[in-house]
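Q: A predicted structure for the sequence below; I have some questions about it.
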Amino acid sequence: MGKIAMTAATLYVIVLLRAGGTFAVGWLAGAGARRSRFAERISSAKFQRVESAIQRWGAPVVAVSFLTVGFQTAANFLAGTMRMPLPRYLPALFVGGAAWALIYATVGIGALAALGALFARHTALGVAGVAVLLLGACGLVAYRRRRAATTAPDADEPGLS
């Protein structure tokens, strides 16, 4: 139990720093946009309504975003750019970050224990499993790159520049 608690505490500090930093970067980016040539668009009535809704209801979205992969950074950044008040953002950060840390600590330690047991009992099977995972990841990256290259519009075509 001590190992899980220590791992969760370490991950909790990491997620608080990372997500809080992402929120701060969003806050600064939002401030810069308000002083730029886009300031007129950002201060429109429609934008103000959207910002108000995010400030009012956005905290649950931020908290739940920690249970997703790839969405939490966007949610924290958007919360910053939309100037979510800290009394609403911080509880969402603390609750969502705690859930994230506990999930990753328990699942992570369990996965490492299972991998260690596999390598201890059947080293060849463990090596083969890791090799298959690595090859699968490389294949997925190559597939996505090819797909992105074939679907990207060609800059030489007329009317696309």
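A: Cool, the structure landed. Numbering: from 1, shown residues only.
Q: helices of the protein, start to end?
A: For the chain, the helices defined by DSSP state H cover 2-34, 39-42, 45-65, 72-81, 86-121, 123-151.
Q: lowest average confidence across those, which one?
A: Ranked by mean pLDDT, those bottom out at helix 39-42, with a mean of 65.
Q: follow-up on the earlier one: most packed of the helices of the chain?
A: Looking across these with neighbours counted as mean count of other C-beta atoms under 10 Å, the highest average goes to helix 72-81: a mean of 21. Yep, even glycine has a C-beta here, placed from its N, CA and C like the rest.
Q: other SSEs contacting that one?
A: Contacts defined by 3 or more C-beta pairs under 8 Å, 6 or more residues apart in numbering; DSSP states H and E place helix 72-81 against helix 2-34, helix 45-65, helix 86-121.
Q: turn those into a markdown table, columns for distance to Arg147.
A: Formatted as a markdown table, the entries for these read as follows, by distance: least, C-beta to C-beta, whole Å:
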| stretch | distance to Arg147 |
| --- | --- |
| helix 2-34 | 28 |
| helix 45-65 | 27 |
| helix 86-121 | 29 |
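Q: among those, which is nearest Val130?
A: Among these, the nearest to Val130 by C-beta to C-beta is helix 86-121 (8.2 Å).
Q: report the distance from stretch 91-104 to the chain centre.
A: Distance of stretch 91-104 from its chain centroid, counting by C-alpha atoms, centre = their mean, to the nearest Å, is 13 Å.
Q: hmm, who's touching it?
A: Outside stretch 91-104, the residues within contact range by C-beta atoms under 8 Å, 6 or more residues apart in numbering are 8-9, 11-12, 14-16, 19-20, 23, 58-67, 72, 76, 79.
Q: kindly recompute the last result at 7 Å.
A: With C-beta atoms under 7 Å, 6 or more residues apart in numbering as the test, stretch 91-104 has contacts from 8, 11-12, 15-16, 19-20, 59-60, 62-67.
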